[in-house]
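turn this into a model:
(one chain, ligands or ions: 1)
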Amino acid sequence: MITHNTILGLKDDLLRERGVVKNVGFVPTMGALHEGHLELMRRAKAENEILVVSIFVNPIQFNNKEDLAKYPRVLDTDSQLLESVGCDYLFAPSEMEMYPEPDNINYDFGLMGEVMEGAFRPGHFNGVAIVVRKLFEIVEPQRAYFGEKDFQQLAVIQQLVKMFNLPVEIVSCAIVRENDGLAMSSRNMRLTPEERAVAPKIHLILQKAVKLRNVLSPEELRRWTYDQLEAVEEFNIDYVEIADSELLQPIQHWNDCPESILFVALFLGKVRLIDNMRIF
Ligand code: PAF
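Down below sits the predicted model:
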């Protein structure tokens, strides 16, 4: 694996590669890699000739200074994991390299960008869109891989690609869970052992909730899920929402859309966790 910290260095190598290989698969990350990331990378490696991974803790997508400061940074361990999945190029730029000047673009994702994470983390998706578009321009991948745990992020990135006709295929990959059901996330490593023991209740409650689809209306099911989560003393809920899988708007009736998803965001101690589950 070759590591580049500069845009020019990476672009130079990829230009040479493109003379011989057809497909570049790309997995953008903020590091602190876990099995969920590695699954994206294995798939990207299997489906493309070259695998490029970026590690960049993107300051402009954090609306909470403490979250940014505490975001785990473990580049040495990450590099070893990347070697183990056959990553060809790691791009690990500095903040100066990515933002020599402040980037003031304002993307408008319409209603999709205003609900859930958009409402609770103002500016977050704009920061994500700015960095992802920059990374796409640097790496020029044929395919880019994103996990469904950040379902709304995935939808926003798909929208970004549509809005600007970006020449990249977005591949969405299923949530990877720990054995006890907790959705894998880099933030999980900030949970205390006590919090970590409580965290799988999110998945348990989501599992029970989706089974009630035939007996409750969307609003009743949303309320039921909220009440169950609220009953767990350690949870501090940001939102529970049932929304359609395309525009992510709350639904009133099950027949309103072909596919609906139950979304949850909550704090466990100082760590914010999100999860979601399709409702069949
Ligand atoms: O999902 C993430 O890790 C980040 O939001 C991403 C897509 C790498 C952009 O910084």
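
what are the ranges of the strands in the stretch 51-200 of the chain?
For the stretch 51-200 of the chain, applying DSSP state E, counting those that start in this stretch gives strands covering 89-91, 143-147, 169-173.

got these as a markdown table, with mean pLDDT, mean neighbour count and distance to T6 columns?
All C-beta atoms are positioned from the backbone trio N, CA, C, and that covers glycine. Shown next, in a markdown table, are the strands of the stretch 51-200 of the chain (pLDDT from 0 to 100; neighbours: other C-beta atoms under 10 Å; distance: least, C-beta to C-beta, whole Å):
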| stretch | mean pLDDT | mean neighbour count | distance to T6 |
| --- | --- | --- | --- |
| strand 89-91 | 98 | 23 | 9 |
| strand 143-147 | 98 | 22 | 21 |
| strand 169-173 | 98 | 17 | 26 |
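
which among these is found nearest to the ligand?
The minimum distance between the ligand and the strands of the stretch 51-200 of the chain falls on strand 143-147, with 6.7 Å, by C-beta to the nearest ligand atom.

tell me which residues are up against that closest one.
23-28, 36-37, 40-41, 43-44, 47-48, 136, 153-154, 157, 168-176 (C-beta atoms under 8 Å, 6 or more residues apart in numbering).

contact residues of the protein facing the ligand?
When proximity is defined as C-beta under 6 Å from any ligand atom, the chain approaches the ligand at P28, T29, M30, N58, Q61, V128, V131, V132, D150, Q153.

if you set the cut-off to 8 Å instead, what comes out?
By C-beta under 8 Å from any ligand atom, the part of the chain that sits against the ligand consists of 28-30, 54, 56-58, 61, 127-128, 131-132, 135, 146-147, 150, 153, 157, 186.

burial measure for whatever residue of the stretch 151-280 of the chain ends up closest to the ligand, as a count.
Proximity of the stretch 151-280 of the chain to the ligand (C-beta to the nearest ligand atom) peaks at Q153, 5.8 Å away. Q153 has 20 neighbours, counted by other C-beta atoms under 10 Å.

these two touch, right, it and A129?
No - with contacts counted by C-beta atoms under 8 Å, Q153 stays clear of A129, the gap being 9.4 Å.

thinking again about what came up before, of the contacts of strand 143-147, buried ones?
Among those, those classed as buried by 16 or more other C-beta atoms under 10 Å are 24-28, 36-37, 40-41, 43-44, 48, 136, 153-154, 157, 168, 170-171, 173, 175-176.

leaving out chain neighbours, which residue sits closest to whichever residue of the stretch 51-200 of the chain sits closest to the ligand?
Nearest residue of the stretch 51-200 of the chain to the ligand (C-beta to the nearest ligand atom) works out as N58 at 4.0 Å. Using C-beta to C-beta, 6 or more residues apart in numbering and skipping the chain neighbours, the partner closest in space to N58 is V131 (4.4 Å).

distance of the one you found from V156?
For V131, the distance to V156 equals 12 Å [C-beta to C-beta, to the nearest Å].

compare those two (neighbour count), which wins?
V156 (24 against 21).
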